[in-house]
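Trainee: below are the sequence and a predicted model for it; my questions follow.
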Amino acid sequence: MPKLSVIIVNYKTPALLKNCISSLVKTILTASYEVIVVDSESDGEVPRMLKEEFADITCIPFRENSGYAKAVNAGIARAQGDYFLILNPDIIATEYAVDTMVAYMDSEGKREHVGMLGPKLYGFGNAYQQSAFRFPSPLTIVLRRTPLGRLPMFKSRLDAFLQKDKNLEEALIPTRVDWLMGAALFVSKEAIAQVGVMDETFFMYFEDVDWARRFWEDGYAIVYHPLMRMYHYHQKTSHRYGVFDVIGNAMTRVHIRSALRYFLKHGIRMKSYV
């Protein structure tokens, strides 16, 4: 049976992290697994909590907040598994979701050359949370962040980005997508050996988009699987002030810098593999 390495990147959310780990312990029933926590800008609270309540978990404390990609890569470097489940600490796993991911990737996934897999996510109030998209263009970013996106003339462009044609909310079968939200990614060690780890020049945002693009370019498919379900208690931090976000929100500026880095790396055309 293949071994799974669960890598959780934590940043000052010990209560969420504890709930996340507890959900994994309760719901992973058949897979052999290890858990690695990368604690960014650690103040010692998380390592102490893990030592007291989850003694068999590996903790990698970072003194500074070195960015999401660097934290993920540190977890991958320490991991011993054949597959890696990369999670945010605000993820709650449901029964059999992780076991089903392992089984899928070890059978159908191998046959279909799937390198990355993502679950269906739900947020507060059991609301569906979109986690799969087509690759963006610069116009997509503008439309998502300004009132221009509400104009009927741009509806088809945003619908394409959101993959409205695939009706992912109602889907019942595995569906190929361009990229998956980085909150919950299941990836194969074999694919990472070919594609490489996350690009650490992205401090935050777009590292998941960039990684997915590289997976496709190296011949690995990316799949959204709606029967594997998790909860993601996500609060947006990069979109608070509408059109004035660039002035009033530091995380928006980080997001825009990452977007520019992505387009400089991959070009500005809206490419899609699905």
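Mentor: Received it, and whenever you're ready, just let me know what you need.
Trainee: dump the residue contacts of Glu207.
Mentor: Applying CB atoms under 8 Å, 6 or more residues apart in numbering to Glu207 gives the contacts 68-69, 72, 182, 198-199, 258. In this view, the C-beta of every residue, glycine as well, is placed from N, C-alpha and C.
Trainee: 6 Å instead, please
Mentor: 68-69, 198 (CB atoms under 6 Å, 6 or more residues apart in numbering).
Trainee: could you find the closest non-adjacent residue to it?
Mentor: Excluding its sequence neighbours, the residue lying closest to Glu207 (CB to CB, 6 or more residues apart in numbering) is Ala69, at 4.3 Å.
Trainee: element containing the one you found?
Mentor: helix 68-78 (DSSP states H and E).
Trainee: and that helix, what does it pack onto?
Mentor: Counting contacts by 3 or more CB pairs under 6 Å, 6 or more residues apart in numbering; DSSP states H and E, helix 68-78 is packed against strand 3-10, strand 32-39.
Trainee: what do you get if the cut-off is 8 Å, keeping everything else the same?
Mentor: Applying 3 or more CB pairs under 8 Å, 6 or more residues apart in numbering; DSSP states H and E, one finds that helix 68-78 contacts strand 3-10, strand 32-39, strand 58-61, strand 83-87, helix 207-217.
Trainee: looking at those, which is buried most?
Mentor: Neighbour counts (mean count of other CB atoms under 10 Å) averaged over each of these peak at strand 83-87, with a mean of 26.
Trainee: so how far is that one from its chain's centroid?
Mentor: The chain centroid and the centroid of strand 83-87 are separated by 9 Å, computed with CA atoms, centre = their mean, to the nearest Å.
Trainee: check the residue nearest to Glu207 and give its pLDDT.
Mentor: According to the prediction, Ala69 has pLDDT 97.
Trainee: okay, the contacts of Glu207 in a markdown table with distance to Thr58 next?
Mentor: A markdown table is the format used below for the contacts of Glu207 (distance: CB to CB, whole Å):
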| residue | distance to Thr58 |
| --- | --- |
| Tyr68 | 18 |
| Ala69 | 19 |
| Met198 | 19 |
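Trainee: got CSV for those, with distance to Ala212 and neighbour count too?
Mentor: Listed next are the contacts of Glu207 as CSV, based on distance: CB to CB, whole Å; neighbours: other CB atoms under 10 Å:
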residue, distance to Ala212, neighbour count
Tyr68, 14, 23
Ala69, 13, 23
Met198, 11, 24
